[in-house]
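Colleague: Quick one: sequence plus predicted model below, questions after.
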Amino acid sequence: MKRKNQFAILLSAFTTLALLVSIVLPVSTYAEENSDSFKLTIMHMNDTHAHTELLPNMITAIKDVRIEDPEALLFNAGDVFSGTLYFNEYHGQADLALLNMMDLDAMVFGNHEFDLGSSENGHKSLSEFVSAAKFPLLGTNVDFSGDAFMNTLFKNEFTDSPEDGKIFDGIVKEVNGEKIGVFGLTTEDTANISSPVNVKFLNYVEEAERAVQAFQEMGINKIVALTHLGYDSNPDFGNDLLLASYVDGIDVVVGGHSHTQLTEPVVVKQDENGSEKDPTVVVQAYQYSQLLGKLQVEFDENGVVIGQAGQLIDVASKEADSEAAAVLAPYKETIDQLSTQESGAIAKKTLVNPRLTDSDVSVRANETELGNLVTDAMLAKAKERYPETVIAFQNGGGIRAAIEEGPITIGEIIAVLPFGNDPVVVELSGEEIKQILEHSVSQAPAESGGFLHVAGMKFTYDSTKESGSRVVSMYVNVNGEYQEIQADQKYLVTTNNFTAKGGDGFDVFAKAYQEGRVQDIGEIDWEQLRKYMVEDLGKVVDPVLEGRITDLLGADSEAPGDEEGEGTPEEPEAENPETEEPEVNDPETGGNEDDNNDTDTSTDETGSESDNDNANNGDESGIGNDTDLVQDVNDNQGSKETVSNISGGNALPNTATSMYTMLVVGGILLVAGIAFLVFRKVKYSKA
């Protein structure tokens with residue numbers, strides 16, 4: 001009996017040991033399977049637009065990341081040129097002095113890099129920028145052969161030994177023994193919105209496929225596309241989402257052009273036909289040197305992305321690098337002096353920028369003289385590029401400062417429009433214009449950052465009516481005569497890119513943007529205003545109220561006269577309504593921000609504020625594993641149908657899910673084995 005008892009105990013112990021091995025073994029196997037994975041850190045910036053004063057802070061942020069990961073790559077996705085006085089004065093050289101301190105791995109050309117082409121009869125300033133760069137530039141779909149300044153800098157090759165100050169089709173970077181292929185694409189729309197002159201832009205899909213094939217022939221299976229196409233920009237010219245769906249083999253897209261703030265990476269896992277494909281991670285880091293993107297991506301042994309995590313680092317929260325600040329100092333001193341330089345235009349009176357906190361009218365609730373000046377400038381300059389443009393819209397939240405009577409300085413102009421927004425043109429129906437105006441006045445007579453100032457049209461509304469049913473009449477000025485806007489007729493309007501993308505809740509604009517009905521003009525808003533005052537107004541600035549926007553307050557509407565200012569209903573005296581606390585303006589874009597958002601702000605050299613609310617500065621350590629990472633792309637319009645933003649805390653992969661199932665089953669069997677052992681022991685002890 002004793003022998004039987006001992007045998008039973010040994011059998012139970014063996015069973016328990018076998019169960020433990022069955023549980024532990026899958027864990028060990030999983031760890032071994034992942035031992036061949038490779039992790040890469042990528043830092044990225046885009047669309048800095050000569051906002052040079054934050055670059056010393058950017059350098060500190062870059063150094064902080066490199067302390068954690070010395071092998072981290074750093075990319076610039078273009079549009080260093082144009083936007084502030086730093087560019088007007090130094091043509092990119094001030095920015096370059098600081099970019100050269102960053103140890104950049106590569107930069108792609110943005111459309112604004114070609115802004116000076118026609119004025120210089122070739123890209124002299126751009127060639128000087130490139131040749132002095134302590135990093136290579138990428139131009140996979142850019143043909144420089146026709147430009148005398150640039151053609152000597154371009155090397156039509158994919159190389160693992162890139163030279164600083166030269167342009168390549170693609171380069172190879174080696175990180176911890178692994179080779180990474182990097183190529184660069186610039187939007188083909190540059191031909192329309194900038195001044196490339198003899199520089200040509202080739203089809204982005206065909207050139208991307210050529211690059212991927214070249215890298216694969218070199219035995220490289222980890223490929224990064226550095227792009228200035230736009231995240232979801234006009235599909236007629238391509239964008240990052242379309243690139244990721246059309247071209248197999250791209251693992252990461254580091255983007256620019258659309259100034260998109262992707263607080264988490266987006267993963268595209270379907271091709272243009274909706275079929276499953278290997279994941280492509282898409283990132284972009286907003287604008288104006290405010291944010292540094294940080295992406296951690298994990299590859300399996302075949303170069304397929306199996307995990308990723310990303311964040312945007314608030315640059316303004318970092319201390320300025322002292323060495324970089326010293327390099328910037330002489331440039332800044334000159335710019336500070338230039339900001340007080342007279343533009344040549346003279347204001348005949350003070351153009352106020354009122355708010356209801358200290359006035360009976362508000363830039364966010366009423367027509368203002370300054371609002372009329374800004375929209376007149378927008379319309380006049382849009383017509384120079386697109387003569388069919390008939391209406392201009394400017395959100396009141398984007399007009400930030402007054403202009404004092406007398407000589408107007410450059411600094412004053414920038415203070416009025418400090419965000420450096422790109423003007424665009426949009427094709428809209430009359431019915432869509434009505435919906436846009438309904439949204440504009442939906443909060444009247446209370447303030448709203450989305451209240452639109454207008455040019456080229458007049459409209460009346462009744463704030464006593466329900467929101468959404470307030471607009472009473474709309475007229476557009478055609479050859480000096482006001483005609484009623486027809487619901488089914490198409491009109492070309494101009495606005496800033498913030499509003500055009502649906503900022504301040506303009507869903508109609510967002511839909512137009514998604515459908516490819518938005519076209520960048522290729523200018524900067526404050527420069528439009530400066531040129532208009534000097535060139536179009538003959539330097540004499542004296543705008544007046546014209547009854548462009550009239551709140552009927554229950555009164556009847558009258559049709560405007562044929563000529564500007566004739567037959568217009570007299571604008572009722574504005575009341576000072578009791579309103580809620582005025583909403584905070586979205587400082588980065590000139591839009592209206594939710595009052596409930598609790599944000600910290602800082603101010604850059606143009607007077608704009610940096611919104612830190614969306615900067616994710618959380619845990620940087622984990623890399624999430626991707627499952628069901630779906631991005632469906634409509635083949636006709638390129639619109640997003642489903643986007644899965646993935647970060648840490650994603651669903652587990654199939655291998656992990658299987659392991660979890662085995663753990664559960666093993667645990668149950670373990671408990672059963674122990675119970676069996678106890679049962680046998682009790683039974684034999686009684687015997």
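Modeller: In hand now; what should we look at?

Colleague: going forward, measure contacts and count neighbours with C-alpha atoms only.
Modeller: Will do.

Colleague: all helices for the stretch 251-400 of the chain, in order.
Modeller: Ranges of helices within the stretch 251-400 of the chain are 322-338, 369-385, based on DSSP state H, counting those that start in this stretch.

Colleague: Adding mean neighbour count, write these out as TSV.
Modeller: What follows is the helices of the stretch 251-400 of the chain, written out as TSV (neighbours: other Cα atoms under 10 Å):
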stretch	mean neighbour count
helix 322-338	15
helix 369-385	23
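
Colleague: Out of those, which is closest to residue 58?
Modeller: Smallest distance to residue 58 across the helices of the stretch 251-400 of the chain (Cα to Cα): 9.7 Å, for helix 322-338.

Colleague: what sits up against the closest one?
Modeller: Contacts with helix 322-338, where a contact means Cα atoms under 8 Å, 6 or more residues apart in numbering, come from 53, 55-56, 59, 85-86, 89, 94, 97-98, 101, 410-411.

Colleague: The same query, at a cut-off of 7 Å, please.
Modeller: The contact list for helix 322-338 (Cα atoms under 7 Å, 6 or more residues apart in numbering) reads 56, 85, 86, 94, 98.

Colleague: Show me which pair in those residues is furthest apart.
Modeller: Using Cα to Cα, the contacts of helix 322-338 span at most 17.5 Å, a distance reached by 56 and 85.

Colleague: Compare those two (neighbour count), which wins?
Modeller: Counted by other Cα atoms under 10 Å, residue 56 and residue 85 do not tie: residue 56 has more neighbours, with 28 against 23.

Colleague: Secondary structure class of the more buried one, three-state.
Modeller: Under DSSP: H, G, I helix; E, B strand; the rest coil, residue 56 falls in the helix class.

Colleague: Same check on the one 3 residues further on?
Modeller: Following three-state DSSP, we place residue 59 in the helix state.

Colleague: Surely it touches residue 100?
Modeller: No. Between residue 59 and residue 100 there is no contact under Cα atoms under 7 Å: 10.4 Å.

Colleague: Counting neighbours, go ahead and name the busier of those two.
Modeller: Shown here are residue 59 and residue 100; by other Cα under 10 Å, residue 59 has more neighbours (25 against 13).

Colleague: I'd like to know how far that one sits from residue 430.
Modeller: 49 Å (Cα to Cα, to the nearest Å).

Colleague: Am I right that residue 191 falls within a helix?
Modeller: Yes. Counting by three-state DSSP, residue 191 is located in a helix.

Colleague: Need the pLDDT of it.
Modeller: Per-residue pLDDT puts residue 191 at 90.

Colleague: swap in the one 5 residues further on?
Modeller: Predicted confidence (pLDDT) for residue 196: 94.

Colleague: That one should be in a helix, yeah?
Modeller: No. Under three-state DSSP, residue 196 falls outside any helix and is assigned coil.

Colleague: hang on, isn't residue 91 packed against residue 126?
Modeller: No. In this structure, residue 91 is not within contact of residue 126 by Cα under 7 Å, at 8.0 Å.

Colleague: okay, and for the stretch 501-650 of the chain, where does confidence drop off?
Modeller: Applying pLDDT under 70 to the stretch 501-650 of the chain flags the ranges 557-650.

Colleague: ok, now with 90
Modeller: 501, 503-505, 522-524, 554-650 (pLDDT under 90).

Colleague: show me what contacts residue 87?
Modeller: Applying Cα under 7 Å, 6+ apart, the residues near residue 87 are 50, 81.

Colleague: in the stretch 201-350 of the chain, which segments are predicted with low confidence?
Modeller: 233-234, 236, 258-259, 338-339.

Colleague: If we use 50, what do you get?
Modeller: By pLDDT under 50, the stretch 201-350 of the chain has no low-scoring segment.

Colleague: Where do the strands of it begin and end?
Modeller: 223-228, 252-255, 266-270, 276-284, 291-299, 305-314, 342-347 (DSSP state E, counting those that start in this stretch).
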